[in-house]
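Asker: Provided below for reference: sequence and predicted model.
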Amino acid sequence: MNAGVLIVGSGMAGVSLARELRKLDANIGITLISADAGGFYSKPNLSNALAAGKSVEQLMMTQRDALAAQLKMQIHSDVQVTAIDAQSATVATSIGDFEYQHLVLALGARPIRLSLAGDGAEDVLSVNHLDHYAEFRRALGGKSDGKKRVAILGAGLIGCEFANDLRHGGFEVEVFDLAPQALGRLLPTHAAAFFQQRMENAGVKFHFNTGIAHVEKSAHHYRLTDNHGASHNADIVLSAIGLIPETALAKASGLPVNRGIVVNGHLQVNAGKDQAPIYALGDCTEVGGLNLPFILPIMAQARAMAKTLAGTLTELHYAAMPIVVKTPACPTVVCPPPQGSNGVWQEEVGADGVRAFFVGADAKPLGFALLGSATTERQALAAQMPAWL
Ligand SMILES: Cc1cc2nc3c(=O)[nH]c(=O)nc-3n(C[C@H](O)[C@H](O)[C@H](O)COP(=O)(O)OP(=O)(O)OC[C@H]3O[C@@H](n4cnc5c(N)ncnc54)[C@H](O)[C@@H]3O)c2cc1C
């Protein structure tokens, strides 16, 4: 089988690229291979689906066949790509080999698994896919199942979003993190304290400086033991400690891999070689030393790559891109400073919100965090921040 542009992965990255490319070229051949069902859903919706009143079925926005028809492309779903031969421009899959003129890797990331002891460790769930979310919703059960207590491992963005959503759904939520505060990679100290207070007002219980080491099953629940020796009971345990880019296929195929699959400013992996080009985008990708597992960077990548594939070599640029934390208990927007910036946080804490700026040596703000009522300033401030790439 010969595909013109062969995209591997039907997440936000693979599908956004197909959309952008189709806008620019009505005729270019696009084939998409995906290890999953090949439909389109918006992954950010998974961590606020309870509050939004969405069932798993409602989260799937476009089924595979409709997506294929919409974008005039072939989709091979439930197909695993097992090897890439860059010399012969061929990928091996579970249904045979595919040749390509342009190969795009949009392989995503997978949840980091904690090494936990105990016979309940295998039951710990993580959510990075609609199928995982379906499993999580099954585990939560109906109101009559009596499952009320959820332990979340990790107080980062995804852990906090699930905590808020589960409280909205009427669950008791305890969040554990080895760090001394919530959103440790994003927020400075006072902003984090404000965030914690608002989340606690909504009923979320945090355990900081606390890691879970053991998960044991008992007849009706799980017993978690933390690094201080204390135990906690939960009906469901959700791990949200982070994601790791999916690089195994690229590495095994001899492509350059660091944290993510390493690409140049044109998002190309094998630049300069006498081979059909291979590109990467999305959570699996590292460009300019940056692996940014968020939607706005993916959209910027998809637009730039589509132009290149349509014939105009286009370099990727990142403006500053604020991250919205979907915690209605404490609306939060963070625009981190460019990677490697030197500076200090300056925080103004009010009764209804926090404005915090990451300020460089010349007193210029390089990043910000806005909480509560201050989030209204997000757009105006984002426009003033330095570009990331
Ligand atoms: C719960 C949650 C909430 C989030 N909320 C936000 C938010 O509010 N804002 C924000 O900006 N970001 C958010 N994110 C991050 C954002 O959703 C991701 O950055 C984005 O969806 C990643 O898309 P992707 O296409 O790169 O990867 P994925 O969605 O992981 O897609 C990878 C695809 O590759 C396929 N694949 C992998 N290996 C193979 C193979 N060998 N053969 C064939 N197919 C393969 C998979 O089947 C899948 O189709 C959230 C993430 C999560 C988990």
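Answerer: Good, I have the coordinates. All of these numbers come straight from a predicted model, not from anything done at the bench.
Asker: When you work out contacts or count neighbours from here on, use the C-alpha atoms and nothing else.
Answerer: Fine.
Asker: Okay, now the unreliable bits of the stretch 1-150 of the chain?
Answerer: Scanning the stretch 1-150 of the chain for pLDDT under 70 picks out the ranges 1-2, 143-144.
Asker: and if we set it to 80?
Answerer: For the stretch 1-150 of the chain, residues meeting the criterion pLDDT under 80 lie at 1-3, 142-147.
Asker: Kindly report the residues of the stretch 1-150 of the chain close to the ligand.
Answerer: 8-14, 33-36, 43-44, 46-47, 79-82, 106-109, 127-128 (CA under 6 Å from any ligand atom).
Asker: near the ligand, which residues of the stretch 201-350 of the chain?
Answerer: When proximity is defined as CA under 6 Å from any ligand atom, the stretch 201-350 of the chain approaches the ligand at 282-283, 293-296.
Asker: on that earlier part again, inside helices: which ones of the residues of the stretch 1-150 of the chain next to the ligand?
Answerer: 12-14 (DSSP state H).
Asker: now, among these, which is nearest to residue 386?
Answerer: Nearest to residue 386 out of those is residue 13 (CA to CA; 24.7 Å).
Asker: Hmm, residue 282 and that closest one touching each other?
Answerer: Yes. The pair residue 13 / residue 282 is scored as a contact, 5.0 Å apart, by CA atoms under 8 Å.
Asker: any common contacting residues for these two?
Answerer: Both residue 13 and residue 282 are in contact with 106, 108, 298, where contact means CA atoms under 8 Å, 6 or more residues apart in numbering.
Asker: can you list the domains in this protein?
Answerer: According to automatic domain parsing, the chain comprises the domains 2-110+243-309, 113-239, 331-382.
Asker: start to end distance for the second one?
Answerer: So that's domain 113-239. With CA to CA, to the nearest Å as the measure, domain 113-239 spans 8 Å from end to end.
Asker: again, but for the last one
Answerer: Start-to-end span of domain 331-382 (CA to CA) is 16 Å.
Asker: For stretch 3-17, buried residues please.
Answerer: By 16 or more other CA atoms under 10 Å, the buried positions in stretch 3-17 come out as 3, 5-17.
Asker: er, stretch 26-36 I mean
Answerer: 28-36.
Asker: Next: stretch 171-183.
Answerer: So, applying 16+ other CA under 10 Å, buried residues of stretch 171-183: 171-179, 181-183.
Asker: List the contacts of the helix ranked longest in the chain.
Answerer: For the chain, the helix with the greatest residue count under DSSP H is helix 295-309. Helix 295-309 is contacted from outside by 12-13, 16-18, 20-21, 24, 102, 266-267, 281-283, 313-318, 321, using CA under 8 Å, 6+ apart.
Asker: Any of those buried? List them.
Answerer: 12-13, 16-18, 20-21, 102, 266-267, 281-283, 314, 316, 321.
Asker: Now, those that are in strands?
Answerer: Using DSSP state E, residue 102 are the members of those that sit in strands.
Asker: which of the buried ones among the contacts of helix 295-309 sit farthest apart?
Answerer: 102 and 321 (28.7 Å).
Asker: so after the host helix or strand of residue 334, what's the next helix or strand?
Answerer: Using DSSP states H and E, residue 334 sits in strand 332-335. Per DSSP H and E, the first helix or strand lying C-terminal to strand 332-335 is strand 344-349.
Asker: For the spatially most central residue of the chain, give me its contacts.
Answerer: Centroid-nearest residue in the chain: residue 293, 4.7 Å away (criterion: CA atoms, centre = their mean). Residue 293 sits next to 282-283 when contact means CA under 8 Å, 6+ apart.
Asker: how close does the residue nearest to residue 287 when sequence neighbours are not counted get to residue 297?
Answerer: Nearest non-adjacent residue to residue 287, counting by CA to CA, 6 or more residues apart in numbering: residue 263, 5.4 Å away. Distance of residue 263 to residue 297, computed by CA to CA: 14 Å.
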